[in-house]
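Peer 1: Have a look; sequence and predicted model below, questions after that.
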Amino acid sequence: MKFVVAVVCFALVAGAHAKTVVDVLQELGTETTLIALVGKAGLVSALEGKGPFTVFAPSDAAFAALPKELVKTLESNVTLLTQVLEFHVAPGEALSTDLKNNLLVPSLSGPKIRINIYDASEPTVITAEGAPVTKPDNTARNGVVHVISQVMFPLPMGTVVDIAVGNKDFSTLVTAVSKAGLVATLSGEGPFTVFAPTNEAFAKLPAGVLDGLLKNVTALTNVLTYHVLPGAYYQAGLRNGDMLKTVQGMDVTIKMSSDGTMVNDATIAAQVSGTNGVIQVIDTVLIPPSMHYELMYN
């Protein structure tokens, strides 16, 4: 009898270890879109190979949240589709316990995947390029699958400064950063979180405030560094009531409601990942409390 039990247990273990990451994706039941796209890109045999691989697998809901035109573009452009899918795969096997905050994991497509771990309060949140890991550590004989709730994209490339320079909606911010002599700093290793006001956000300032700041480098630097956090804070890592210390030295406060996420009185409209951090796009310029009356009412 003991022999029979041992044989059955061995068979179960052997069966589990026979599964590839593709088999695991199929068994999860939440990855039908990803599996179909992997087939369209001709990547099935590669992911059934020796590996090992770490797969960050967007759920069906993650793909359903994408604009339909974007999905059509991916389906019709195999080269682009392959680049995007390979950005979700890293060589080697990394369980959740192997992942560290701000770890940069090389992907099969080339660009690195930034891992962040937010454990200031329960539950701990693990993100890959800001995409929350919802079901980690689904193991296979040739790697591991971590289910994520967003699709990751390898573009745009570059630092937070490069991204801002490449977007016309940040032209006022780029001018201000250059005037304050902060380009080299924000092009450094980081990581940084930049709460980036759009041109429209700067246009909401009272008349004369922006011109005054551009003529006063000390005040301008004080305001701009109030928009920067040391460390990469994706929206998944922000919690209601968080008070986060800026490079300027004073705290900003995170507020969450059914209307979205805010930093102080600015709404976060979007986030963009860069090689040295993340840009959080905001609709209002943040003014340090110590400067608020002077700038806004004088």
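Peer 2: Right, received. Where do you want to start?

Peer 1: Centre of the chain to stretch 49-59, how far?
Peer 2: Centre-to-centre, stretch 49-59 and its host chain are 19 Å apart (Cα atoms, centre = their mean, to the nearest Å).

Peer 1: quick one, what contacts residue 242?
Peer 2: Going by Cβ atoms under 8 Å, 6 or more residues apart in numbering, residue 242 touches 120, 253, 254. For every residue, glycine as well, the C-beta is placed using N, CA and C.

Peer 1: Now do the phi/psi pair for it.
Peer 2: phi -60, psi 140 (degrees, to the nearest 10).

Peer 1: likewise residue 177?
Peer 2: phi -60, psi -40.

Peer 1: returning to that earlier point: can you pick the most crowded of the contacts of residue 242?
Peer 2: Tallying neighbours with other Cβ atoms under 10 Å puts residue 254 at the head of these, with 19 neighbours.

Peer 1: hang on, it in a helix?
Peer 2: No - using DSSP: H, G, I helix; E, B strand; the rest coil, the assignment for residue 254 is strand, not a helix.

Peer 1: quick one: the closest residue to it other than its chain neighbours from residue 127, how far?
Peer 2: Closest residue in space to residue 254, ignoring its immediate chain neighbours: residue 242 at 4.0 Å, by Cβ to Cβ, 6 or more residues apart in numbering. As judged by Cβ to Cβ, to the nearest Å, residue 242 and residue 127 stand 15 Å apart.

Peer 1: now swap in residue 188 and tell me
Peer 2: According to Cβ to Cβ, residue 188 stands 22 Å off from residue 127.

Peer 1: the more surrounded of the two?
Peer 2: Shown here are residue 188 and residue 127; by other Cβ under 10 Å, residue 127 has more neighbours (26 against 13).

Peer 1: isn't that one right next to residue 118, touching?
Peer 2: Yes - at 7.4 Å, residue 127 and residue 118 qualify as touching, with contact defined as Cβ atoms under 8 Å.

Peer 1: For those two, list the residues in contact with both.
Peer 2: Residues touching both residue 127 and residue 118 (Cβ under 8 Å, 6+ apart) are 236, 237.

Peer 1: in the chain, what spans have low per-residue confidence?
Peer 2: By pLDDT under 70, the low-scoring segments of the chain are 1-17, 121, 155-156, 293, 295-298.

Peer 1: just the helices in it please.
Peer 2: Ranges of helices in the chain, per DSSP state H, are 2-18, 21-28, 32-40, 44-47, 60-64, 68-76, 78-86, 160-165, 171-179, 183-186, 199-203, 209-214, 217-225, 289-297.

Peer 1: Out of those, which is closest to residue 234?
Peer 2: Of all the helices of the chain, helix 160-165 sits nearest to residue 234, with 13.1 Å by Cβ to Cβ.

Peer 1: rewinding a little: which member of the contacts of residue 242 is positioned nearest residue 194?
Peer 2: When the contacts of residue 242 are compared for distance to residue 194 (Cβ to Cβ), residue 254 wins out at 15.2 Å.

Peer 1: From residue 215, how far out is that closest one?
Peer 2: For residue 254, the distance to residue 215 - Cβ to Cβ - is 32 Å.
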